[in-house]
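Visitor: Prediction below, plus the sequence it came from.
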There are 2 protein chains.
Amino acid sequence: MSETSRASGRHYALLTDLYQLTMLQAYYVEDMQDTAVFDLFVRHLPEQRNYLIAAGLQPALDYITSLAFTPDELDYLDSLGRFRTQFLDYLAGFHFTGDVYAVPEGTVVFADEPLVEVIAPLPQAQLVETFILNQVHFQTLIASKAARVVHAAAGHTVVDFGLRRYHGIDAGMQAARAAWLAGADATSNVLAGKTWNIPVNGTMAHSYILAHDSEANAFARFAELYPDTVLLVDTYDTLAGVRKVVELARELGERFQVSAIRLDSGEIGPLAHEARNILDRAGLERVQLFVSGDLDEHAIAALLAGGAPIDGFGVGTRMGTSADAPFLNCAYKLVEYAGENRMKLSRDKATLPGRKQIFRVRESGLNARDIIARHDERCAGTPLLRPVMQSGNILRDTLPSLAVSRDHCRVERTALPAGVKSLQPGAPYPVELSSGLIAAREGLRRRIQKRGLQASPPILRDAINQDQPD
Amino acid sequence: MSETSRASGRHYALLTDLYQLTMLQAYYVEDMQDTAVFDLFVRHLPEQRNYLIAAGLQPALDYITSLAFTPDELDYLDSLGRFRTQFLDYLAGFHFTGDVYAVPEGTVVFADEPLVEVIAPLPQAQLVETFILNQVHFQTLIASKAARVVHAAAGHTVVDFGLRRYHGIDAGMQAARAAWLAGADATSNVLAGKTWNIPVNGTMAHSYILAHDSEANAFARFAELYPDTVLLVDTYDTLAGVRKVVELARELGERFQVSAIRLDSGEIGPLAHEARNILDRAGLERVQLFVSGDLDEHAIAALLAGGAPIDGFGVGTRMGTSADAPFLNCAYKLVEYAGENRMKLSRDKATLPGRKQIFRVRESGLNARDIIARHDERCAGTPLLRPVMQSGNILRDTLPSLAVSRDHCRVERTALPAGVKSLQPGAPYPVELSSGLIAAREGLRRRIQKRGLQASPPILRDAINQDQPD
């Protein structure tokens, strides 16, 4: 893998929110080093999503294992005037020693289900929050969108085309990876192809046509160099462009091997029908139609429902920005510390306490319901959370290759009930809480509320170092 | 600047669409090395935007000047079976030798106005397309969104809080940079702070509260370590949390120096009023209110219009994903080749031919209208496009520092007419085409349409190398 694919914590220790470091210093001063459990989950699905596809685990794990602070980074922190020398010395030796559980990439997941569970000394589990949320959030967002695009394309080719309008370099890379994981067939992104062995795809832009004296000349020269190429026909007038392809076929005779034409503008449905007719009348039935431009799952479904004779789709901006739902309401929350359950009661943001397991119950060959349980409960169904890191070491044998994860994702999507798979909002997939988890939540809620009635405990001044940082 | 900020082309030569490389080989084979002019512009503004803020030029220029292919990258291209040895040898010596013109970062721009104009031998100008679009698109998108957030905050503090939900690593960095450029006061992103000298900001998360036996204890310990900190009050019950801050003030007396409290959930407007009352009644008028959670320019404007006594806003996800308009309809189009104007006629995607200049006309101290002209015309107003790279070298003396660009952006925003500055869609800012540009466009349109009536030119077989690549 190239450096771009490896989200090295050695370069990104400071790619975090400042409060992680101020809290870390507080934990250091207060000697709060007991084991913490944090859950990464999505609070609510966007209304345009019936399910999500978990993704982004691999870069998150790569980051965690290599997380370390360089002298240059510590100098910068020192310059902020908030951190003590002893704490910076502690950061100089920082590395992650904990365990991580996760659902495999490509797995279908729903609201409240932990995608990742981190179990480590509190400061370690805290510090990795920002980065792993950043990575798992984005790839899950895009894999979930791409799964809908692939579903809409109903077996026709889908190519990721949108690098230029995705949100920066890393988004360009990760979106290609997530779309491929979720079932896309190829990407235009060459570096993503090299990094993850994804098929790369692409032919010509309008600028190639424009740089030539005529469209016909541009077609002829490109087809001479790349006989089985795709010709872009809409630079000046789409149907006139198609007729120039037919003329080229007549001139070249048997040497004409152009595999497809691409339409990138106008009313794609009617144009596809007319283009198909022009090609078929000329005996070019084997020349395929590839379309692009402002596509998403709804546009693709409408084109196919209208019978548009399209063979493949180039999908860009709207897929790799998840344009109709450009973020997930995800969180990374402390659920246990020093062996005790923890939970937040904030309005609309209450959390589920303690270590967990997710059980998925199949009925008649389809996934029927999930149960979120305490980690030590036994419920019906298959457990989804698996160990992926132990004592700071990635359990590489348990991590499937991206190709295997892609197969897993296809099986997962196939096993979804039709209403959940649909592009339209449907009846929510049933996700239950186990009796053990409900009991833990209600017990803890009562204890917190009871404690709220008591007087605040005395301030433990003795335990606090009086040496102020600023 | 750290490596993260420098978008080095030495690492990203393959971060491009495959078709750039297939076209490059065609240009190589056809010996099409004449000078090309490409314009990067936005076709239409999203309906939620009255103006844009140009941004992202610096990483685009850094990429262009360092763009080069490594042996490892060339080996990968070779493995694709589409590229000839001579062409790969040519890529091995590839570097950019052209000129670049651009509007300065922080400048207000509108549809059709070139943000960047690249003038170089055709293959060079072509190859940089994907990357510079990726960078300029994203930072312009976020600077434009952040300018609205800053406008809505009406002088109150705005802090970028959203690294965890921005689209990957690079988006996390660039969004912090773009928001700062557009007037935000600080970021939570430590690496962005280090890289661009942006003030960093942040205090505690809910997990800090949850890890302690009680909220009061957590407050006391954090304030002991960081006397002028911001305390997060909504973990269990917002107003009970505020009362615990009051109790802490009573206990600490003069040693109480907490600067603010933060509300992150619930009905922020009413809670802010009640929290303010509780603090004021306790004589804590100087403790400020900082709010966060699901904010955008509309939420901020509504809070302030409702008189909510808020001093600062932490704005995250919706700003750094530009959630209401997560992409711009931007393009990079060939407008001149070998000294001749070029233009696309595709429906809704027609382009303006030839090298250009933008003139901005001020009236009564405000910007009144822009004129897009041919580059050699003289129009009323101030020209916006300036040379930033000559013969492949960045004109560093002409590139302002980020701090200076930020000041420039503030002046630019101030000079906008009120209707354009508004959060609501208003009468569009007037952008005219010069008589010279209109004449060039119509003349070229007639020539293209006339040419379309002629027979296609013969295929220039002799000029094409018969050695097929695959």
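Guide: Everything's here; your move.

Visitor: Spatially central residue for chain A, please.
Guide: A:Gln139 (1.3 Å; CA atoms, centre = their mean).

Visitor: Quick check, it in contact with A:Gly106.
Guide: No. Using CB atoms under 8 Å, A:Gln139 is not in contact with A:Gly106; the gap is 10.6 Å. All C-beta spots, glycine's among them, are computed from the backbone N, C-alpha and C.

Visitor: Mutual contacts of the two, please.
Guide: Common neighbours of A:Gln139 and A:Gly106, counting by CB atoms under 8 Å, 6 or more residues apart in numbering or on different chains, are A:55, A:181.

Visitor: which SSE is the residue of chain A positioned farthest from its centre in?
Guide: The outermost residue of chain A, judged against the average C-alpha position, is A:Glu251 (47.4 Å), by CA atoms, centre = their mean. Assigned by DSSP states H and E, A:Glu251 belongs to helix A:238-252.

Visitor: Quick one: list the elements packing against the helix or strand that comes right after that helix.
Guide: Remark: after helix A:238-252, the chain's next helix or strand is strand A:260-263, criterion DSSP H and E. Helices and strands touching strand A:260-263, as assessed by 3 or more CB pairs under 8 Å, 6 or more residues apart in numbering or on different chains; DSSP states H and E, comprise strand A:230-232, helix A:238-252, helix A:268-281, strand A:288-292.

Visitor: want to throw those into CSV with distance to chain B and mean pLDDT?
Guide: Output for the helices and strands packed on strand A:260-263, formatted as CSV (distance: least, CB to the nearest CB, whole Å; pLDDT from 0 to 100):
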stretch, distance to chain B, mean pLDDT
strand A:230-232, 9, 97
helix A:238-252, 6, 97
helix A:268-281, 10, 98
strand A:288-292, 11, 98
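
Visitor: residues in the stretch 251-400 of chain A within reach of chain B, list them.
Guide: Counting by CB under 8 Å from any CB of the partner chain, the stretch 251-400 of chain A comes close to chain B at A:251, A:264-266, A:317-318, A:321-323, A:326-328, A:330, A:332-334, A:337, A:342-349.

Visitor: Quick check: PyMOL command selecting the buried ones in these.
Guide: Selection of buried members from those for PyMOL, criterion 16 or more other CB atoms under 10 Å in any protein chain shown:
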select buried, chain A and resi 264+265+266+317+318+321+322+323+326+327+328+330+332+333+334+337+342+343+344+345+346+349
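
Visitor: what domains does the record give for chain A?
Guide: Domain ranges of chain A: A:9-134+A:328-453, A:143-320, per automatic domain parsing.

Visitor: In the stretch 351-470 of chain A, where is pLDDT below threshold?
Guide: Along the stretch 351-470 of chain A, segments meeting pLDDT under 70 span A:452-470.

Visitor: Just the helices from the stretch 101-250 of chain A, written as ranges.
Guide: All helices of the stretch 101-250 of chain A, identified by DSSP state H, counting those that start in this stretch, fall at A:122-127, A:129-153, A:168-181, A:190-196, A:206-211, A:215-225, A:238-252.

Visitor: other SSEs contacting the helix holding A:Glu251?
Guide: When contacts are defined as 3+ CB pairs under 8 Å, 6+ apart, helix A:238-252 sits against helix A:215-225, strand A:230-232, strand A:260-263, helix A:268-281.

Visitor: In CSV, list those along with mean neighbour count.
Guide: Formatted as CSV, the helices and strands packed on helix A:238-252 follow (neighbours: other CB atoms under 10 Å in any protein chain shown):
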stretch, mean neighbour count
helix A:215-225, 24
strand A:230-232, 25
strand A:260-263, 23
helix A:268-281, 18
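
Visitor: Please identify the most buried of the domains of chain A.
Guide: Highest mean neighbour count among the domains of chain A (mean count of other CB atoms under 10 Å in any protein chain shown): domain A:143-320, with a mean of 22.

Visitor: what about it, how long is it end to end?
Guide: Distance between the boundary residues of domain A:143-320 (CA to CA, to the nearest Å) amounts to 9 Å.

Visitor: show me what contacts the nearest residue to A:Leu40 once chain neighbours are set aside?
Guide: Nearest non-adjacent residue to A:Leu40, counting by CB to CB, 6 or more residues apart in numbering or on different chains: A:Val116, 4.1 Å away. Taking CB under 8 Å, 6+ apart, we find A:Val116 in contact with A:39-40, A:57, A:60, A:100-102, A:132, A:136.

Visitor: and with 7 Å instead?
Guide: Applying CB atoms under 7 Å, 6 or more residues apart in numbering or on different chains, one finds that A:Val116 lies in contact with A:40, A:57, A:60, A:100, A:102, A:132, A:136.

Visitor: Stretch A:51-71 close to chain B?
Guide: No. Against chain B, stretch A:51-71 shows no contacts by CB under 7 Å from any CB of the partner chain, the least distance being 8.8 Å.

Visitor: Restrict that stretch to CA atoms and write it as PDB.
Guide: C-alpha atoms of stretch A:51-71 as PDB (Å, rounded to 0.1, in the frame of the first residue of the first chain):
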ATOM      1  CA  TYR A  51     -29.300   1.100   6.200                       C
ATOM      2  CA  LEU A  52     -25.600   1.900   6.300                       C
ATOM      3  CA  ILE A  53     -22.500   0.000   5.200                       C
ATOM      4  CA  ALA A  54     -19.700  -0.100   7.700                       C
ATOM      5  CA  ALA A  55     -16.400   1.000   6.200                       C
ATOM      6  CA  GLY A  56     -13.100   2.800   7.000                       C
ATOM      7  CA  LEU A  57     -11.800   0.400   9.700                       C
ATOM      8  CA  GLN A  58      -8.500  -0.400   8.000                       C
ATOM      9  CA  PRO A  59      -7.200   3.300   8.000                       C
ATOM     10  CA  ALA A  60      -8.500   3.700  11.500                       C
ATOM     11  CA  LEU A  61      -6.500   0.700  12.800                       C
ATOM     12  CA  ASP A  62      -3.400   1.700  10.800                       C
ATOM     13  CA  TYR A  63      -3.600   5.100  12.600                       C
ATOM     14  CA  ILE A  64      -4.100   3.700  16.000                       C
ATOM     15  CA  THR A  65      -1.100   1.300  15.800                       C
ATOM     16  CA  SER A  66       1.300   4.000  14.600                       C
ATOM     17  CA  LEU A  67       0.100   6.900  16.700                       C
ATOM     18  CA  ALA A  68       3.100   8.700  18.100                       C
ATOM     19  CA  PHE A  69       4.300  12.300  18.700                       C
ATOM     20  CA  THR A  70       7.400  13.700  17.100                       C
ATOM     21  CA  PRO A  71       9.700  16.300  18.800                       C
END
